[in-house]
Each structure stands twice: as structure tokens, then as C-alpha cells.
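Colleague: with the input below, show me the fold.
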Amino acid sequence: MARVLLVNPPSSIDVYSDSKIRVAITSAPFVTLGALAGAVLEDKHDVRVADLMIEANPIDAYKATLSGWKPDFVGITFTTPLVTEAISLAATAREQCPDTMIIAGGIHASTLPEEVLRTSEFDVVAIGEGENTLRELCLGNDLHGIAGIAFFDNNEYVITEPRMPILDLDDLPLPAWQLYNLKYYKSPHIASRRNPVGYMETNRGCNYFCTYCSQSIFGHNVRWKSPGRVVDEMFRMLDLGFNDIHIKDDNFTADIDRAKAVCRLLVQRNFPAPWALPTGVNIHDVDSEFFRLAKAAGCYMVSFGIESASPEVLKNVNKKQTPDQIREAVNMAHEAGLETVGFFMIGLPGDTEETIRETMRFACSLPLTYAKASMTLPFPSSALFRQIDKEGRIKTKNWDIYNFHSTTDVWEHENLSWDTIRKYYGLFHRKFYFRPSYIWNRFWRDIRMGYLWDDIKAVLSNNWGD
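Modeller: Got it, this is the predicted structure:
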């Protein structure tokens, strides 16, 4: 039996600290580590999760765990803005536990495995879907025979054959939420109904091909958990202490019949807790029946990836939707009694000042409860990055500054300066949230729900400047 430590970097939420909507950021155990821990537990290993984002002194806590417990394996998952932090965590693990195998995972490591290995103390990169890969590593299997990994063997870079995806997600072990102390996770009411919030996945993959996004982990062939497995898992999460569930699928409604079946089963079994769809549904996959069923089943919020009001800009990033289709979908959700969230992007390819102003006017015309904008950023895992890099318009590969909400001019936009993009990023949120009609509606909603003082504090604490 091996000792396995799975690590979430301390800045996993802090990368959003400069966001104009940071008051709406939830704090919850990440699905990735919960799922990996559940898989490794199947083989009777001793597993711990070091969620450093909730620690007051994260590095001290991490060092204490390493020196006191001496894990045989340390797995660190990270995104692009957290590369330097992950490399530092790997170096600390090597210093504290010289003989430990240190494993990198997540979208950045999967995209640039050789770079990660060459610039760090990581021994192995797990590429793509990680559950079975991590199990084989922790069982001590020969590295050359493990699919989906990269490593160095006598200074020679080795990347093994790709790992086949898990086709039936009902085969996945249950996430190991029991390893977390849930009292440390608190989310604001603007993004939740009750604490603590729990994240879950019901499918993997996305059936669309937007160029700014990446599916290098789960791909475009969507795979599912059955409605029965989904609902059983939601009840289990309540038993373990969660009080609000956020489904973090790329597109919960990719199979609309399955999504409706989940809702009907939740109604049939009298699911007692609120739940939400904060990462979005695609407007092509929804209808009014789905929104009514979701509301009846306890869903209170649904998000939409709207991005732009310009048909030409949407076409540039392969976002196959029109403003009329967007409006219809948002109206259906609103009429069903759901809170609605719209995601927008400032500085998409082809954007001009006029298309951004058009998008701001469009956002204000929709019945959205919240709107969130980000500055367009081509992450190295995306088709957009590859396109811009080929054209010589990537200006830096300093991954530390690749942040949606505080980014500098990491790439050259064809029409807009970064000062202009940043100006409209701030202006978008001020225009949306400081409309008299929005303030009036929000005031009465807050009175009705008892949130008025919380919202006043949120407004005062947020940075609404440029």
C-alpha cells in the first residue's frame, strides 16, 4: 500500500482576485482531485488531499505534511497561470521527500508535457484523463507500459501511446469527498444558495469546437453518467455534508433527453437541496421544457456562453449561434423562473470598439441576473493560441501573466490595443450593473430574499475602475 498525496495549489482561486466579479467566486473542493483520490482509493492506498487554497499558511502546511507523512507519490494538478507555483511545489516535494515520485497533471501539463518536465522536478506528466493513469503509477507499473504519460529515461524524452478515454462514466469510482473538511469552504450568496457548495461532473467532453476553448483532456466525444448514477451521487454529496451542488460540465445538456431524465428523477426522488449549472449550457441544446423541469427539480441558476453580439465575431471563433438564438434561450430560462448568467469575452478576434459596444448593449437588453466578462486570452491548449502563434502574434510565453481578468498584452490583437481592451472590460461591468433598471430590480429581489446588506457590501468591496 502506497501513501499518495494529491495537491491543489494555493492560488487556484486567487487567479481571479483581480476579476470585476470576484465577489461571485465560489469556494469548493475541486472535482479533479476528488475524482483522482476516489480512483486511487479503489486500490486500497492511503490517500490524502492537500487543498492548499484553504490554508492560512499553505506552504508551511504543505511542508509539514510532506515531512511528517512522507508520501510515496505526490500528484499536483494545475492550469496555465499556476505553472510557476506548481513548479515550486514540486521542488518543495523533492527537497522534503527525495525518493517520492512527483506527478504533474491538468490541462497545462497535458498540453506541454516536455516543457513541464524540463523546467521542474516533476518525474512524470499524466496526459489527459488521469484516473486510470494515476492508479497504474501508484501500483508501481513499469513507466514504459503505462499509456498516457511522459517522462525522461536516461535523459531521453519518452511519451507513451495515448490513453483511451473511459467510455462509460458509471464505471468511475465515487469522488473521495470524505477526505475534505468542508467547514473551510464558504461561497457568497451571489453564487450559491447554501454552504458548503459541492462541485460535480455528470459528463465529460464538449460537442462544440469554439477556438478559444480546449478539450485536450476530455475531447469532443461526450461521455455520460447515467441519470441514476447522477442522482445517486447528488444524494451522497448531501450525506457527506454538501448543501448546494454545482454541476461543472462543459455542457450539461449535450444530450438533452438525458438532462431531462436527470431532472425528472430528481423530482421523483424529492431531491431536497438547491443545485445550479454555473459553467453553462449551449443554446442549441435547450428548450423550454428542459428549463421548466430543471426549475421543478431544484435548479436555481443556469449560465450561457454568449461571448459576443456580433455574428461576424462569433463566426471567427467558431461559436455557432446568433444573437436571436441567444435571446430566445435566455428568455426561456428567465420565464421558467431561473436566475441567468451570461459569459462575455472582450477582445475576441475581429472585435472592434463598435462590436464591443454592441455586445454591451446586447447584454443590457437581456434578462440576465448576472453578466461576467473576461479579456480574451489564448491559452496554449486552444486552437486560438495555435492560430495566433503561427501568425507571430503571441508576444510572451510567460505563463504567469496568462489570466483572464488581469492579463497584460500577451498577444497582439489585430484591431485593439490592450489599453482599449482593459478599458472596455471595466466599462462592461459598470454599464451592466449600474443601470437604474438593474439596480431597481436588484433592490426588490434583495429585499425579498434577505440579501440587501450582503449586496451592498459586495458592491463596496469590488473594484469597478478601469
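Colleague: show me the helices in the stretch 251-400 of the chain, by range?
Modeller: 256-268, 288-296, 311-316, 323-335, 353-365, 383-390 (DSSP state H, counting those that start in this stretch).
Colleague: are we agreed that residue 38 is in a helix?
Modeller: Yes: assessed by DSSP: H, G, I helix; E, B strand; the rest coil, residue 38 belongs to a helix.
Colleague: hmm, residue 173 and it touching each other?
Modeller: Yes: if you go by Cβ atoms under 8 Å, residue 38 and residue 173 touch, sitting 4.1 Å apart. The C-beta positions use only the backbone N, C-alpha and C, and glycine is treated the same way.
Colleague: overlap in contacts of those two?
Modeller: residue 131 (Cβ atoms under 8 Å, 6 or more residues apart in numbering).
Colleague: between the two, who's got more neighbours?
Modeller: residue 38 (19 against 16; other Cβ atoms under 10 Å).
Colleague: next up, the contacts around that one.
Modeller: Counting by Cβ under 8 Å, 6+ apart, residue 38 has contacts 131, 172-176.
Colleague: from the residues you listed, which land in helices?
Modeller: residue 131 (DSSP state H).
Colleague: among the contacts of residue 38, which are located in strands?
Modeller: Within the contacts of residue 38, no residue falls in strands by DSSP state E.
Colleague: redo the contacts of residue 38 as JSON lines? Include pLDDT and distance to residue 364.
Modeller: Output for those, formatted as JSON lines (pLDDT from 0 to 100; distance: Cβ to Cβ, whole Å):
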{"residue": "131", "pLDDT": "97", "distance to residue 364": "44"}
{"residue": "172", "pLDDT": "96", "distance to residue 364": "42"}
{"residue": "173", "pLDDT": "96", "distance to residue 364": "46"}
{"residue": "174", "pLDDT": "97", "distance to residue 364": "43"}
{"residue": "175", "pLDDT": "98", "distance to residue 364": "39"}
{"residue": "176", "pLDDT": "98", "distance to residue 364": "44"}
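Colleague: out of the helices of the stretch 251-400 of the chain, the one nearest residue 140 is which?
Modeller: Proximity to residue 140, assessed across the helices of the stretch 251-400 of the chain by Cβ to Cβ, is greatest for helix 383-390 (36.3 Å).
Colleague: if you rank every helix and strand of the chain by mean pLDDT, what lands last?
Modeller: helix 452-461 (a mean of 53; mean pLDDT, DSSP states H and E).
Colleague: so who does residue 176 touch?
Modeller: With Cβ under 8 Å, 6+ apart, residue 176 has these contacts: 34, 37-38, 41, 47, 49.
Colleague: try it again at 6 Å.
Modeller: 34, 37-38, 41 (Cβ atoms under 6 Å, 6 or more residues apart in numbering).
Colleague: from those residues, which is closest to residue 98?
Modeller: Nearest member of these to residue 98, counting by Cβ to Cβ, is residue 37, at 24.2 Å.
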